[in-house]
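Undergrad: Okay, predicted coordinates and the sequence, questions at the end:
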Amino acid sequence: MEFVLGIVFGFISFFIMNLIRRQVYEKKGLKSREYKDLPFNVKLRDTIRHIVFEYNIKRINNDFLLNINFNDVQLMQIMHRSHFPELCSSEQDIQFGLALYIPTIHMSNSKIESLKSILVSESERVNLISGGAVTYFVIDLGTRIRFGGYLLLRIINEVFKEEEVNMSLELFSEGNLPYQMN
């Protein structure tokens with residue numbers, strides 16, 4: 001009898017956990033099918049893939065900077081996550097990861113609210129850092145290539161309303177991380 005109850009309880013628990021997991025995954029990537037095959041998305045995904053390979057696999061955990069410009073105006077950057085203490089679990093945490101940095105200094109309130117709504121619906125952890133000279137958003141993309149390309153494209157299209165022809169990407173190799181202990 002206890003064995004049968006254990007099986008029934010296990011099956012019910014498994015069903016409930018799958019239901020909860022599906023609801024969480026359905027929340028993320030709401031518009032991913034719309035953006036999946038756009039050339040813009042492919043370009044961003046390929047750039048992120050190159051960064052992950054070049055700066056995490058080929059040269060283990062090296063520093064980089066990707067400027068994302070539209071009409072020669074820098075809208076956001078992708079950097080190594082260790083540059084943002086709010087993304088790291090401790091001072092010794094310098095694991096590789098992509099951090100999306102979006103300064104809000106030149107954004108209107110409606111763009112900021114639109115960006116907040118996208119980030120809340122798509123990301124587990126949203127960091128709005130204010131105080132000091134610049135208020136900015138920083139999002140930990142980790143090494144998720146498809147998600148990173150999709151999220152960037154969604155922000156570019158829905159918040160900044162920019163077109164691919166106006167975009168330029170500048171990737172800089174920054175050498176070793178300044179935080180590494182040799």
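TA: That came through fine. Keep in mind that what you see is a predicted model, and the values were worked out from it rather than measured. Numbering: from 1, shown residues only.
Undergrad: C-terminal to the host helix or strand of Leu115, what's the next element?
TA: According to DSSP states H and E, Leu115 maps onto helix 109-122. For helix 109-122, the following helix or strand on the C-terminal side (DSSP H and E) is strand 127-129.
Undergrad: quick check: mean pLDDT across the next helix or strand after that next one?
TA: The helix or strand immediately downstream of strand 127-129 is strand 136-142, counting by DSSP H and E. For strand 136-142, mean pLDDT rounds to 87.
Undergrad: so what does strand 136-142 touch, helix or strand wise?
TA: Strand 136-142 sits against strand 98-103, helix 109-122, strand 127-129, helix 145-155, with contacts defined as 3 or more CB pairs under 8 Å, 6 or more residues apart in numbering; DSSP states H and E. Every C-beta, even on glycine, is put in place using the N, C-alpha and C of the backbone.
Undergrad: could you point out which element follows the worst-scoring helix or strand of the chain on mean pLDDT?
TA: Least confident helix or strand of the chain, by mean pLDDT, DSSP states H and E, is helix 32-35 with a mean of 65. Per DSSP H and E, helix 32-35 leads on to helix 39-52 as the next helix or strand towards the C-terminus.
Undergrad: just how off-centre is the next helix or strand after that next one within its chain?
TA: Counting by DSSP H and E, the next helix or strand C-terminal to helix 39-52 is strand 63-70. A distance of 14 Å separates the centroid of the chain from that of strand 63-70, by CA atoms, centre = their mean, to the nearest Å.
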